[in-house]
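Engineer: Using only what follows, build the 3D model:
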Amino acid sequence: YEAEDGMLGGGAAVVGPNRTIGDLAGEASGRKAVTLNSTGAYVQWNTTDPTNTLVTRFSIPDAPGGGGTTATLDLYVNGTFAQTITLNSKFAWLYGAETGPGNDPSAGGPRHIYDEAHVVLNTPVPANSVIRLQKDAANTSQYAIDYINTEQVAPVANPDPTHYLVPAGFAQQDVQNALTTVANSATYTGVYLPAGQYQTTGKFQIGQKAIKVIGAGPWYTQFSTDQTQANTDAGFSVQTSASGSTFSGFAFFGNYTSRIDGPGKVFDLTDVTNLTIDNIWVEHTVVAIWGTHVSGLTATNMRIRDTYADGINLTNGSQNNLVSNDEARSTGDDSFALFAAQDHNSSDLSGNTFQNLTAVTPWRAAGVAVYGGENNTLQNLYVADTLTYA
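Structural biologist: Numbering: from 1, shown residues only. Sure thing, here's the model as predicted:
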């Protein structure tokens with residue numbers, strides 16, 4: 001639900017349209033947003049479907065010296081206060097040169113000024129309700145709202161308790177122990193990750209055989225690096241011996257605050273075949289999937305948001321891969337790319353299919369990019385509101 005299409009009150013105002021980098025309208029979906037800068041200002045929408053979750057794309061100011069600020073905003077349903085949502089601008093607000101902006105406000109003009117906040121609602125909201133975001137007296141920041149998403153979700157149970165091992169806890173080592181046990185087991189075929197917040201400090205090692213790593217769904221099984229720190233290189237390192245593995249049904253929230261080339265790839269894949277990556281939510285990392293000489297990869301039903309570089313990039317002779325039904329928004333480089341580099345493998349970049357893809361508000365580079373290769377198929381693509389040079 002776009003904010004500018006909602007109902008406004010209490011001094012709320014539509015800004016835009018324009019195409020100015022670092023501007024509330026220029027960096028918004030549709031080049032328009034709604035500001036809530038006075039007590040009592042609100043934007044509200046009539047919902048068409050039931051929901052028990054809310055995602056809000058927002059902008060609030062940075063701290064004077066960088067590093068972000070935290071603020072609350074109040075949520076009402078059908079005129080009654082429902083709960084407070086928390087917004088943080090730590091992962092927004094970069095400054096300086098387009099090719100390498102950083103977190104220091106003195107480096108130059110701003111860019112990448114929006115971020116998203118997600119919350120499971122305390123009380124499910126039925127269809128045909130009114131959802132309102134309102135700046136009350138306790139909400140002390142200045143706010144721009146670009147849009148909200150609603151989604152009705154439910155957890156997915158362990159598909160096969162006999163063959164899917166459950167980790168003993170939610171720490172990095174708990175999960176790694178389960179992965180290692182399954183890799184060495186003749187009985188277990190996978191790891192099931194129940195609903196919970198999983199704290200990760202580095203790369204999970206996947207090797208020895210193909211396994212399945214299945215979560216309860218991206219709203220329920222959520223990995224996150226320490227949000228009080230920054231730039232932790234974490235994710236999944238898949239060895240060629242684990243080709244054929246499946247990853248599905250979880251989220252991964254990083255703590256990157258600027259682009260660092262090399263680390264920060266949730267799935268950093270080299271020479272692996274026949275992986276399935278499905279229904280994964282990636283946010284605040286450098287890259288979601290970087291595939292170097294991969295084949296038979298299926299990357300589907302992903303949500304990739306607010307990365308500092310590419311969403312999905314296949315390179316170095318990657319062949320016969322399917323990237324389908326994925327949405328990327330606010331990527332810091334190409335949302336979806338085929339890149340015929342040959343620094344690792346000189347095979348043809350061919351036979352890849354990019355289809356049914358959405359790329360919106362990339363804040364640098366292209367929605368869909370093809371740098372060489374042959375016999376690749378790109379179809380049914382939606383790209384909107386690119387910001388720089390693409």
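
Engineer: List the contacts of stretch 7-27.
Structural biologist: Residues from elsewhere that reach stretch 7-27, judged by Cβ atoms under 8 Å, 6 or more residues apart in numbering: 3-4, 28, 30-45, 59, 98, 109-114, 134-135, 144, 361, 363, 387-388. For glycine as for every other residue, the C-beta is placed from the backbone atoms N, C-alpha and C.

Engineer: Can you flag the buried ones in the residues you listed?
Structural biologist: Taking 16 or more other Cβ atoms under 10 Å as the criterion, what is buried in the contacts of stretch 7-27 is 3-4, 28, 30-36, 41-45, 59, 98, 110-114, 134-135, 144, 361, 363, 387.

Engineer: So the closest residue to residue 98 other than its chain neighbours versus residue 362, what's the distance?
Structural biologist: In space, and not counting its chain neighbours, residue 98 is closest to residue 388: 5.8 Å by Cβ to Cβ, 6 or more residues apart in numbering. Relative to residue 362, residue 388 is positioned 8 Å away (Cβ to Cβ, to the nearest Å).

Engineer: Equivalent analysis for residue 356, please.
Structural biologist: Computed as Cβ to Cβ, the residue 356 to residue 362 distance reads 18 Å.

Engineer: cool, residue 39 as well?
Structural biologist: The gap separating residue 39 from residue 362 is 35 Å, by Cβ to Cβ.

Engineer: likewise residue 283?
Structural biologist: 15 Å.

Engineer: ok, the two, which is more surrounded?
Structural biologist: Taking neighbours as other Cβ atoms under 10 Å, residue 283 and residue 362 compare with residue 362 leading, 29 against 25.

Engineer: tell me the SS of the residue lying closest to the more buried one once chain neighbours are set aside?
Structural biologist: Spatial nearest neighbour of residue 362, chain neighbours left out: residue 331 (4.7 Å); criterion: Cβ to Cβ, 6+ apart. Assigned by DSSP: H, G, I helix; E, B strand; the rest coil, the conformation of residue 331 is coil.

Engineer: Residue 331: how many residues sit nearby?
Structural biologist: Counted with other Cβ under 10 Å, residue 331 comes out at 29.

Engineer: Residue 26 now?
Structural biologist: What residue 26 shows, counting by other Cβ under 10 Å, is a neighbour count of 20.

Engineer: Remind me which helix or strand the residue nearest to residue 98 belongs to.
Structural biologist: Counting by DSSP states H and E, no helix or strand carries residue 388.

Engineer: If I look at the closest residue to residue 25 other than its chain neighbours, what pLDDT would I see?
Structural biologist: Among residues not flanking residue 25 along the chain, residue 16 sits closest, at 2.7 Å (Cβ to Cβ, 6+ apart). At residue 16, the model reports a pLDDT of 98.
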